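Q: my questions are about this predicted structure, shown below with the sequence.
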Amino acid sequence: ETSPRVAAVDDVFAKQYFGNEDPIGHRIVLKNKGGASEIVGVVGHVKQWGLDSDDTESLRAQLYLPYMQLPNAAIQLSWNGTGVIVRYSAGAAAIGDSIRAAIKALSGEHVMSQTQTMEEIIADSLNAQRFSMVLLGVFAAAALGLAVVGIYGVVSYLVGERTNEIGIRVAMGADRSDVLRMVLGEGLKMTLVGVVIGFVAALGLTRLMASLLFGVRGTDPLTFMCMALLLALVALAACYLPARRAARVDPMVALRYE
C-alpha cells in the first residue's frame, strides 16, 4: 500500500497509446484512481468481455492496478468483495470445500459465494451464440430434408418420363446395372451443380457467421469439404430409390407405357 504506485498494461494498450515505443517506465494518470502510476509490465490481451472480443469493436485496451493501492481499497474490499481465480487439478466440489475451509480458518467474517468453474463461465458467455447456432442447425436440417424430398421427386419424375426409353434400352440389351448408373449419374450431375452454387453462396455468407464461430474460421476448408461430401451422399441416397426402380423396369411393360 505504501509502495510507489505501479500498473501493468496489455499489448493493445501499449500499441494504442505508445505505438512502437517501449511503455515501461512511463507514468499514467487515471481519474479517481489515486494519482500517477508507473507502467512496470506489458501482458497479453485477455478476452475479458467474451470469446468474440477479438473483433475491432470489442478489442479494448486493458490495464491492471494493484488493488490495495486504489483509494479506499480496504473499504471497497469489505463492501464489494473480490474475485479470486484458483488453478486446480482436483474435482470442482472438492476444491471449493477446501477454499471455503481455508477462508473460514483465516477469518470468520468472510464468506465465499458465486463459485464457478472456467468451463461454466465460458459456457454462460456462449449462451446467445449457442441458441443461434441451434436454430441455424434446425433450419439447416429442415432445408436438407426438403432438398432430399426435392431430389427424390425430380429424379422419380424423370424416371417416369423416360420409362419407354429405359424399356427400349433394356430390350436392346442394356444391363440393369447400366440403367442404374445412368439414372444415378444424371441425379448426381444436378446435385453437383447445386453443391457448387451452394459453395459459392456459403463463401459469401461467411462474414455473417463469423461472430458465431470460435476456434474455426468461417472459410475452414475441412468444414466445406465435409459438408459438400455429406450433401453428395444424401443426394445419392435420394437418387438411389428411383434409379433402382428404373433398373427393374420390365421391357414389355415399358414399351406399352404411355
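A: Nice, thanks for sending it over.
Q: what's the weakest-modelled helix or strand in this structure?
A: Within the chain, no helix or strand scores below helix 73-80, which has a mean of 58 by mean pLDDT, DSSP states H and E.
Q: longest strand of the chain?
A: Longest strand in the chain by number of residues (criterion: DSSP state E): strand 35-43.
Q: list the strands paired with that one, with their directions.
A: Here strand 35-43 has these sheet partners by DSSP bridges: strand 6-10 (parallel), strand 27-30 (antiparallel).
Q: returning to what we had before: next helix or strand past the least confident helix or strand of the chain?
A: Next in sequence after helix 73-80, counting helices and strands by DSSP states H and E, comes helix 92-106.
Q: which is the succeeding secondary structure element to that next one?
A: Proceeding N to C from helix 92-106, the next assigned helix or strand is helix 118-125, under DSSP H and E.
Q: give me the contact list for that next one.
A: Helix 118-125 has contacts (Cβ atoms under 8 Å, 6 or more residues apart in numbering) with 50-51, 116. To be clear about C-beta, it is placed using only N, CA and C from the backbone, and glycine gets the same treatment.
Q: of these, closest to residue 220?
A: Nearest to residue 220 among these is residue 51, at 16.6 Å by Cβ to Cβ.
Q: just give me the neighbour total for that closest one.
A: Using other Cβ atoms under 10 Å, residue 51 is surrounded by 13 other residues.
Q: if we can go back for a sec, among the strands paired with strand 35-43, which comes closest to residue 234?
A: Short answer: strand 6-10, nearest of the strands paired with strand 35-43 by Cβ to Cβ, at 47.1 Å.
Q: which other helices and strands contact the helix or strand that the closest one is followed by?
A: Scanning forward in sequence from strand 6-10 by DSSP H and E, the next helix or strand is helix 11-18. Applying 3 or more Cβ pairs under 8 Å, 6 or more residues apart in numbering; DSSP states H and E, we find helix 11-18 packed against strand 35-43.
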